[in-house]
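Quick one: sequence and predicted model below, then my questions.
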Amino acid sequence: MWLRSRSASISAVRLGVHSSTVEESETPEKTADQSWWDGITVREVMTSNPLSLTPETSIFTAMEMLTENAISGIPVVDDSGEVVGVVSAYDILTLDSTPGQLDRSDGFFPRIGRCREEFDGDEQAMWRFFFSLRNGIEKARASKVGDSMHDTYCVSANDSISDVANVIVRNNTQRAFVLDENRRLCGVVSRGDILRVTMKKYRDVKHKGQSRNSHSH
């Protein structure tokens, strides 16, 4: 992995999504077996040949690509094709040129009392938030992708699905970009990609269990 720059059953139909019912007794926390993921590689689940931008691409072009392709982030690559960051919808929404505006009320230092009121006295958490906010404010007038993007995470196409899932979970990121043997961008794996593989595996296991039960009677 690299860092770059309460009823017995629950049905998704309630949310307007047509899906099979998942029994409470078969929820992931009660049936999870990490061996299920052995042998499933990133290459099998990734989206190949993702869109990409360069640091010189305009913010408006990035906005167009994000909205027209209904995606939340696009990798940024340099002239050699190496991933140097990602620009996301959030990055663009924090710009002064969009409706979203960052809170500038603190000035150069957090206001007195904020640590106690908002962070339960956790100074480290307050300062992490404050410096992240200051970083966003410094980028707020960006007109090019290179001035608005943030660091991202990359994995190898040969890594396991568990590897990339750990990267996404432990770093609370939306996605990880995939590099080939020459460390060039070749794909992307999102939270949704991993959830789809996970759901398919649970359904496969459930189907096999039902088949064994029917043969035993």
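Okay, I see it. Note that this is a predicted model, so its numbers are computed, not measured.

going forward, measure contacts between C-alpha atoms and count neighbours the same way
OK.

Could you report the separation of the nearest residue to Met46 once chain neighbours are set aside from Lys139?
Leaving aside its sequence neighbours, Met46 sits nearest to Val189 (Cα to Cα, 6 or more residues apart in numbering; 4.8 Å). Distance, Val189 to Lys139, by Cα to Cα, to the nearest Å: 27 Å.

In terms of packing, which of those two has more residues around it?
More neighbours surround Val189 than the other of Val189 and Lys139, with 26 against 19 (other Cα atoms under 10 Å).

doesn't Leu179 make contact with the more buried one?
No: between Val189 and Leu179 there is no contact under Cα atoms under 8 Å: 11.0 Å.

Low-confidence ranges, the chain, go.
1-34, 97-98, 100-112, 114, 116, 126-127, 129-138, 207-217 (pLDDT under 70).

For it, which segments count as strands?
2-3, 9-10, 22-23, 47-48, 73-77, 83-88, 153-156, 175-179, 185-190 (DSSP state E).

how close does the residue lying closest to Asp96 once chain neighbours are set aside get to Glu123?
Sequence neighbours aside, Ala140 is the residue nearest to Asp96 in space, at 5.3 Å (criterion: Cα to Cα, 6+ apart). Between Ala140 and Glu123 the computed distance is 25 Å (Cα to Cα).

Who has more neighbours out of those two?
Taking neighbours as other Cα under 10 Å, Ala140 and Glu123 compare with Ala140 leading, 21 against 13.

Return the residues in contact with that one.
Neighbouring residues of Ala140 by Cα atoms under 8 Å, 6 or more residues apart in numbering: 94-96, 148.

Select only the buried ones of those residues in PyMOL?
Burial among the contacts of Ala140 is assessed by 16 or more other Cα atoms under 10 Å; the matching PyMOL selection reads:
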select buried, resi 94+95+148
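
farthest-separated two in the contacts of Ala140?
Asp96 and Ser148 (11.5 Å; Cα to Cα).

which residues of this structure fall in helices?
Using DSSP state H, the helices of the chain run over 28-31, 42-45, 59-68, 89-93, 114-119, 123-139, 161-170, 191-216.

Can you tell me the closest non-neighbouring residue to Asp147?
For Asp147, the spatially nearest residue (Cα to Cα, 6+ apart) is Lys139, at 6.3 Å.

Check whether that neighbour really touches His150, as I assumed.
No: using Cα under 8 Å, Lys139 makes no contact with His150, being 10.3 Å away.

Tell me how far Asn69 lies from His150.
20 Å.

List the residues that contact the closest residue in space to Ser88 that isn't next to it in sequence.
Nearest residue to Ser88 in three dimensions, chain neighbours excluded: Gly73, at 4.0 Å (Cα to Cα, 6+ apart). Shown in contact with Gly73 (Cα under 8 Å, 6+ apart): 66, 86-89.

from these, which would you call buried?
66, 86-88.

from these, which is closest to Arg170?
Val86 (18.0 Å).
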